[in-house]
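# Requesting a structural model of the entry that follows:
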Amino acid sequence: MTEPGPRVSAVLRRFARARGEALRSIDPDLAPFVQLAEDVLVNGGKRVRPAFCYWGWRGAGGADCDEIVAAAASLEVLHACALVHDDVMDDSDLRRGRPSAHRHLASLHRAHDRPGDPAAFGRSAAILLGDLFLTWADDLLMASGLAPGALARAWPTYARMRAELVAGQYLDLTCRLLDASGRVAADPARVALIARYKTAGYTVIRPLQLGALLAGVRPGLLDAYAAFGGPLGAAFQLRDDVLGVFGDPAVTGKPAGEDLRDGRPNALLTLALRHADPRTAARLRALVDAPVTPAALARARELIIASGALALAEERIAADTARALAALGDAGLDDTVRAALTRLATAATARAQ
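Take a look at the predicted model:
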């Protein structure tokens, strides 16, 4: 069975071209903005969320068809919204090895010698780009060609997924790694809660459930998908946390050390600060909310390793992945679907992506 990724990419190319032409017809000044929108959708991305949606459909007995591929592709458009807005909130320079959307838009402002602050323009225009992707995601789902009854059945879960994503992002903004006195402020349970709604829910659980609902879910399958997706999503987020500190930007496509720079809580840094001896913890705390120079990043990596947090994180990733795969074995799926979801789980939690 062919994986859905290339077909999802083809859907996105056609969709972005059609929607882009409609916007270009409004005014020539929209051309660079539309070109960026098309580039973000078409270039890069592992198509993880569409894949989980597609196999969620197949696990519920849905037959392979172009309509489910189009519906699943809408989740990649939603993901683009989240990425663009996330990069604005994190003031990130890179995404998928290229300048982040707000940086690219600021450079366009600068190149055209427009009045005003290029950085402010870039941020504002990127917010609009993310909003555009949010509306386009809805459009693509509704235009997928699936029966109105199937779309109506799945819509509440789709809407809930979008709201949960916003909730997770907001909670992430309000949570700090350290308090004003330099003590650890991030509660591991709260960090896990944020990860569940910011990442796990809309990456694994909801896409699987959305696919199942579009197909006409059989009893118990939504719970089985949650039992699989919960621990897998946690492992996926923890792997992302590890790559955020130890990853090579040339491979990950995004800068290393941003959570450390911003004092943002993630599971790896929380583990390090809670398991380090006092001297190691104090040195690591001194690097929080500070510029991430190559030397500072190298020092942070040494301290995290010395705390035992990296080894513990790898153990948790392996354990959560094993829990997810065990739940998958109890879901009553056919061999093709189970094998596909196993491949996705392995790829999502791999050491390098």
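
# Ala276 - nearest residue in space that isn't next to it in sequence?
In space, and not counting its chain neighbours, Ala276 is closest to Ser307: 3.7 Å by CB to CB, 6 or more residues apart in numbering. C-beta coordinates here come from the backbone N, C-alpha and C atoms, glycine included.

# Would you confirm that the one you found contacts Pro278?
No - look at Ser307 against Pro278 with CB atoms under 8 Å: they stay out of range, at 11.2 Å.

# Of these two, give the one with the bigger neighbour count.
Remark: of Ser307 and Pro278, Ser307 carries more neighbours, 22 against 7, as counted by other CB atoms under 10 Å.

# Find the nearest non-adjacent residue to Gln35, please.
Closest residue to Gln35 apart from its sequence neighbours, by CB to CB, 6+ apart: Gly20 at 7.6 Å.

# For that neighbour, which residues are in contact?
For Gly20, the contact set (CB atoms under 8 Å, 6 or more residues apart in numbering) comprises 34-35, 37-38.

# give me the element it is part of.
Per DSSP states H and E: Gly20 is located in helix 5-24.

# Could you do Leu208 as well?
If you go by DSSP H and E, Leu208 is part of helix 206-215.

# Which parts of the stretch 1-150 of the chain are helices?
For the stretch 1-150 of the chain, the helices defined by DSSP state H, counting those that start in this stretch cover 5-24, 31-42, 48-59, 66-90, 101-111, 118-142, 148-174.

# can you put those in JSON lines and add mean pLDDT and distance to Ile194?
Listed next are these as JSON lines, based on pLDDT from 0 to 100; distance: least, CB to CB, whole Å:
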{"stretch": "helix 5-24", "mean pLDDT": "94", "distance to Ile194": "28"}
{"stretch": "helix 31-42", "mean pLDDT": "94", "distance to Ile194": "25"}
{"stretch": "helix 48-59", "mean pLDDT": "96", "distance to Ile194": "19"}
{"stretch": "helix 66-90", "mean pLDDT": "95", "distance to Ile194": "13"}
{"stretch": "helix 101-111", "mean pLDDT": "91", "distance to Ile194": "23"}
{"stretch": "helix 118-142", "mean pLDDT": "96", "distance to Ile194": "20"}
{"stretch": "helix 148-174", "mean pLDDT": "94", "distance to Ile194": "5"}
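
# Burial-wise, tell me which of those helices comes out on top.
Most buried of the helices of the stretch 1-150 of the chain by mean neighbour count (mean count of other CB atoms under 10 Å) is helix 48-59; its value is a mean of 28.
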